[in-house]
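> Just the structure for this:
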Amino acid sequence: MEVVNNGKSITEARLDVDSARLCIEYYAGLASTLAGQHIQLPGGSFAYTRREPLGVCVGIGAWNYPFQIAAWKSAPALACGNSMVFKPSPVTPVTAVMLAEIYAEAGAPVGLFNVVQGNQETGSLLCHHSDVAKVSFTGSVPTGKKIMEMASKGVKPVTLELGGKSPLLIFQDSDLENAVRGALMANFLSQGQVCSNGTRVFVQRDILPEFVNEVVKRTQAIEIGDPLLESTRMGALVSRPHLDKVLAFVDQAKKEGAAVLCGGEEFVPSDPKLKGGYYMTPCVLAGCTDEMTCVKEEIFGPVMSVLSFETEEEVLQRANDTTMGLAAGVFTRDVRRAHRVVEHLKAGSCFINNYNITPVEVPFGGFKMSGIGRENGQVTIEYYSQLKTVFVEMGDVDSLF
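Below you'll find the model as predicted:
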């Protein structure tokens, strides 16, 4: 059903559903461990803290991971004792309802997890509602700013998981095979419609020809077609307007001097049932420079921009030259360099010798305009609860009056 909902391959959809399962299991395990702190004070007095629910939390999902995002937002919220009203993207409305059915079948009380369908107006009503205590949103930077502004009118906390234009740094001492695999994972999962994608691929000049040749060969071999087939590795983009937008980015890149090494065109599958589908061939752009539109703006499609670099200092400056900071990656055999580079990358989720790995035990989120707060991991409990401090006097009141 997630394949029909979104268009991604059934192989990826299974991984998404399994991530949702693991997330729910993880926070179910954490629920009974939530605890405060005891603070001993002079004279036998003491204080303690309690971690308490916020109340009604709103989750607003994106269309690229509809089922997974619904689980990633609801599981920690419910584990902390909150209820949730979840609004899926109107482009992918189906599987969040199925999650609600799963919760109900598992015994969740009526009203604990609720799904409402709608567009921007519905989201606005939820953000402004006086009974809503918190808003968690996944989506674009412009919409995230509007969510934050609306929530601020009620001084409501927000978690924002927004866009990215993430760098992937490949040094000449990398294991080339793993670097190529990482670059493909960083660009072509879910038809490239992933906020954390490492679409700015910086390759050290000495290995650039070999790297590009191998990436192009692997990209051209990606099986495009019916996402319900086990052999398919790339399904359809989410809509016609979005496909047109991604293809326009490729055209703009060509006008600005980038070389299209492969792909970047609308694709018509041989199966007549799939004609009219929103397919395109995955694209590798070479000869890119930092000023190009394809390098500066989030494309959100299967388009990889390859850039060359000479030195570590140079590539770090260029990698950080963006208003966003969701993710970043580095491939190198030098452990000292790997940790040194990661320390200087201004991104919230960094990868060493891998990319786009999101275990539910590990916090995920960005720096700068890529968001506020975290999803997954133990720290997320702090974003779905509030801390109450209780002071207990064991002696007499020492009054100044």
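> Gly366 contacts Ala327, correct?
Yes. Assessed by C-beta atoms under 8 Å, Gly366 is found in contact with Ala327 at 7.2 Å. All C-beta spots, glycine's among them, are computed from the backbone N, C-alpha and C.
> how many other residues sit next to Ser74?
As a burial measure, Ser74 scores 33 neighbours (other C-beta atoms under 10 Å).
> Can you work out which residues contact both of Gly366 and Ala327?
Counting by C-beta atoms under 8 Å, 6 or more residues apart in numbering, the common neighbours of Gly366 and Ala327 are 164, 347-349.
> among the residues you listed, who's most crowded?
Among the shared contacts of Gly366 and Ala327, Gly164 has more neighbours than the rest - 31 neighbours, counting by other C-beta under 10 Å.
> what's near enough to touch the residue lying closest to it once chain neighbours are set aside?
Of all residues not flanking Gly164 in the chain, Leu326 sits nearest, at 3.2 Å (C-beta to C-beta, 6 or more residues apart in numbering). Neighbouring residues of Leu326 by C-beta under 8 Å, 6+ apart: 161-164, 166, 195-196, 347-349, 365-367, 370-371.
> one more time with 7 Å
Residues in contact with Leu326, defined by C-beta atoms under 7 Å, 6 or more residues apart in numbering, are 164, 166, 195-196, 347-349, 366, 370-371.
> Okay, and which of the residues you listed map to strands?
Of the contacts of Leu326, the ones assigned to strands by DSSP state E are 349, 371.
> And the contacts of Leu326, which is closest to Asn114?
Ranked by distance to Asn114 (C-beta to C-beta), the contacts of Leu326 are led by Gly371 at 24.3 Å.
> Number of residues surrounding the closest one?
28.
> who's more crowded, Gly366 and Ala327?
More crowded of Gly366 and Ala327, by other C-beta under 10 Å: Ala327, with 30 against 26.
> Go ahead and report the secondary structure state at the closest residue to Gly7 other than its chain neighbours.
Counting by C-beta to C-beta, 6+ apart, Gly7 lies nearest to Ala236, which is 4.0 Å off, once chain neighbours are set aside. Following DSSP: H, G, I helix; E, B strand; the rest coil, Ala236 is assigned to coil.
> which regions of the stretch 51-200 of the chain lie under the pLDDT threshold?
Residue ranges of the stretch 51-200 of the chain with pLDDT under 70: none are present.
> Show me the helices in it, by range?
66-79, 95-105, 120-128, 141-152, 176-188 (DSSP state H, counting those that start in this stretch).
> and Gly263, what are its phi and psi?
phi 70, psi -160 (degrees, to the nearest 10).
> That one: how many residues sit nearby?
Counted with other C-beta under 10 Å, Gly263 comes out at 22.
> just Val194 next, same as before
Val194, neighbours per other C-beta under 10 Å, totals 22.
> show me the contacts for it.
With C-beta under 7 Å, 6+ apart, Val194 has these contacts: 64, 356.
> Remind me which helix or strand Gly329 belongs to.
strand 327-331 (DSSP states H and E).
> Convert the C-alpha atoms of stretch 61-76 to PDB, please.
Output of stretch 61-76 as PDB, limited to C-alpha atoms (Å, rounded to 0.1, in the frame of the first residue of the first chain):
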ATOM      1  CA  GLY A  61       4.000  14.600   7.800                       C
ATOM      2  CA  ALA A  62       5.700  14.700   4.400                       C
ATOM      3  CA  TRP A  63       4.900  12.700   1.300                       C
ATOM      4  CA  ASN A  64       8.300  11.100   0.900                       C
ATOM      5  CA  TYR A  65       8.100   8.700   3.900                       C
ATOM      6  CA  PRO A  66       4.400   8.700   4.700                       C
ATOM      7  CA  PHE A  67       4.200   5.700   7.000                       C
ATOM      8  CA  GLN A  68       7.600   5.900   8.600                       C
ATOM      9  CA  ILE A  69       7.200   9.600   9.500                       C
ATOM     10  CA  ALA A  70       3.800   8.900  11.100                       C
ATOM     11  CA  ALA A  71       5.500   6.300  13.300                       C
ATOM     12  CA  TRP A  72       8.600   8.400  14.000                       C
ATOM     13  CA  LYS A  73       6.400  11.200  15.300                       C
ATOM     14  CA  SER A  74       3.700   9.200  17.100                       C
ATOM     15  CA  ALA A  75       5.800   6.600  18.900                       C
ATOM     16  CA  PRO A  76       7.800   9.000  21.100                       C
END
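> May I have the phi/psi pair for Gln317?
Dihedral angles for Gln317 - degrees, to the nearest 10 - are phi -60, psi -40.
> Next, the contact list for it, please.
Counting by C-beta under 7 Å, 6+ apart, Gln317 has no contacts.
> hmm, try it at 10 Å
Contact partners of Gln317, counting by C-beta atoms under 10 Å, 6 or more residues apart in numbering, are 290, 309, 311, 344.
> Would you list the buried entries among these?
Phe309 (16 or more other C-beta atoms under 10 Å).
> Just put the contacts of Gln317 in JSON lines and tack on secondary structure.
Output for these, formatted as JSON lines (three-state DSSP):
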{"residue": "Asp290", "secondary structure": "coil"}
{"residue": "Phe309", "secondary structure": "strand"}
{"residue": "Thr311", "secondary structure": "coil"}
{"residue": "His344", "secondary structure": "helix"}
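> Closest one of the contacts of Gln317 to Pro53?
Using C-beta to C-beta, those come closest to Pro53 at His344, 38.6 Å.
> I'd say that closest one and Glu312 touch.
Yes. Shown here, His344 and Glu312 form a contact pair, counting by C-beta atoms under 10 Å, at 9.0 Å.
> circling back to that earlier point, the residue nearest to Gly7 and Gln193, how far apart?
10 Å (C-beta to C-beta, to the nearest Å).
> Same question for Gly277.
Taking C-beta to C-beta, one finds Gly277 at 15 Å from Gln193.
> One more: Trp63?
Distance from Trp63 to Gln193, by C-beta to C-beta: 8 Å.
> tell me, what's touching those two both at once?
6-7, 238, 242.
> returning to that earlier point: joint contacts of Ala236 and Gln193?
With contacts taken as C-beta under 10 Å, 6+ apart, Ala236 and Gln193 have 6-8 as neighbours in common.
> Scan these and report the most crowded one.
Neighbour max across the shared contacts of Ala236 and Gln193 (other C-beta under 10 Å) = Asn6, 29 neighbours.
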